[in-house]
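1. A predicted structure for the sequence below; I have some questions about it.
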Amino acid sequence: MDIKEDDLTGDQVIALIAEHLHGMTLHSPPESIHALHLDGLKAPELTFWSAWDGGRLAGMGALKDLGGGHGEVKSMRTSADYLRRGVATQMLAHIIQEAERRGYSRISLETGSMDAFMPARKLYAGFGFHCCGPFADYKEDPYSVFMTKQLNLHP
């Protein structure tokens, strides 16, 4: 698996982002969807990565700089053909490593509270994330689960 910083111009990446956004509409009301559209993922405070298996897109993920040593995991998604093959695990490990390299002291995320998001919540918990209250501009929402993780800073 090759994880690389991505400029969000490739057809496979654009299609996976569209699939991700569509998937959110199946499980969350519109006001509770916090997934970013293509333009939002191009914001200067975000870094976006794609995971590749040869010429095939296996997954994606992003890290948003919230300021003050705090980062946010965004747009984690595995391509349907690569589910349960460790893509999300590799991508999350990459994002956490990058957050630590940047000197962040904490990394947080928002995910859904519905059963469809249980695999994601289990993945995050397995990496040491625990539930927390809303952060950044988020508000309490019965359709959202907020999670955070303190990072090990290396001198």
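-> It's in.

2. Where in the chain is the helix or strand with the lowest mean pLDDT?
-> Ranking every helix and strand in the chain by mean pLDDT, DSSP states H and E puts helix 11-27 at the bottom, with a mean of 91.

3. Pull out the buried residues from that helix.
-> Counting neighbours by 16 or more other CB atoms under 10 Å, one finds that the buried residues in helix 11-27 are Val13, Leu16, Ile17, His20, Leu21, Gly23, Met24. Glycine gets a C-beta too; all of them are placed from N, C-alpha and C.

4. out of the residues you listed, who's nearest Val73?
-> His20 (13.4 Å; CB to CB).

5. show me the contacts for the residue nearest to that closest one when sequence neighbours are not counted.
-> Among residues not flanking His20 along the chain, Arg77 sits closest, at 4.3 Å (CB to CB, 6 or more residues apart in numbering). Residues counted as contacts of Arg77 (CB atoms under 8 Å, 6 or more residues apart in numbering) are Leu16, Ile17, Glu19, His20, Gly23, Gly59, Met60, Gly61.

6. Would you format the residues you listed as TSV with distance to Cys131 included?
-> As requested, the contacts of Arg77 are arranged in TSV below (distance: CB to CB, whole Å):
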residue	distance to Cys131
Leu16	28
Ile17	27
Glu19	27
His20	23
Gly23	22
Gly59	24
Met60	24
Gly61	20
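
7. if I look at the residue nearest to Gln150 when sequence neighbours are not counted, how far off is Met24?
-> Take Gln150 and drop its neighbours on the chain: the residue closest to it by CB to CB, 6+ apart is Arg106, 5.7 Å away. Arg106 sits 25 Å away from Met24, going by CB to CB, to the nearest Å.

8. would you list the buried residues of helix 11-27 in a markdown table and tack on distance to Gly128?
-> Output for those, formatted as a markdown table (distance: CB to CB, whole Å):
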| residue | distance to Gly128 |
| --- | --- |
| Val13 | 28 |
| Leu16 | 27 |
| Ile17 | 27 |
| His20 | 24 |
| Leu21 | 28 |
| Gly23 | 26 |
| Met24 | 25 |
